[in-house]
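Novice: Need coordinates for the following:
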Amino acid sequence: MPTLFTKIMRGDIPGDIVYQDRYCVAIKDIAPQAPVHLLIIPRTEISGVSAVEKTGDHQYLLNAARNIAEEMGIEGYRLVINQGEAAGQTVPHLHMHFLAGRDLSWPPG
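Specialist: Reported below is the predicted structural model:
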């Protein structure tokens, strides 16, 4: 069964897509934690970091983050990947949070 993110990428359900390339799509998070809060998602369904192969679309997540930052004129940002429910992963499809637009404290949570 396709994940929520796959359904958004296919256009089956609405999602605010702000970036896409051959390998990844970025959408606005529906519960933003910063003025800019995007989810960068590989087009290939991968359940999470623990299921990542040595090669594949996930390799392009960092390139997408850099491209998004350049396009938006953002110099400082945080990238977060949650693995598993205990870490806050709510959709079983690898994705990276791109957070920017305010000072981000440390430790994060």
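Novice: Please, where are all the strands along this protein?
Specialist: 17-20, 24-28, 36-42, 77-80, 96-100 (DSSP state E).
Novice: okay, the ones you listed, which one's buried deepest?
Specialist: Comparing the strands of the chain by mean neighbour count (mean count of other Cβ atoms under 10 Å), strand 36-42 ranks first with a mean of 23. Just so you know, the C-beta spots here come from the backbone N, C-alpha and C atoms, and that holds for glycine as well.
Novice: in its sheet, what does that one sit against?
Specialist: strand 24-28 (antiparallel), strand 96-100 (antiparallel) (DSSP bridges).
Novice: What average pLDDT does it get?
Specialist: If you average the pLDDT over strand 36-42, you get 97.
Novice: which intervals of this structure have sub-threshold pLDDT?
Specialist: 109 (pLDDT under 70).
Novice: repeat that for 50
Specialist: For the chain, no stretch has pLDDT under 50.
Novice: residue contacts, residue 26?
Specialist: 17-20, 38-41, 64, 68, 98 (Cβ atoms under 8 Å, 6 or more residues apart in numbering).
Novice: Likewise for residue 33?
Specialist: Going by Cβ under 8 Å, 6+ apart, residue 33 touches 97, 99.
Novice: Scan the protein for its longest helix.
Specialist: The longest helix of the chain (DSSP state H) is helix 61-72.
Novice: List the single closest residue to residue 49 in space, sequence neighbours excluded.
Specialist: With Cβ to Cβ, 6 or more residues apart in numbering as the criterion, residue 49 has its nearest non-adjacent residue at 4.4 Å, and that residue is residue 83.
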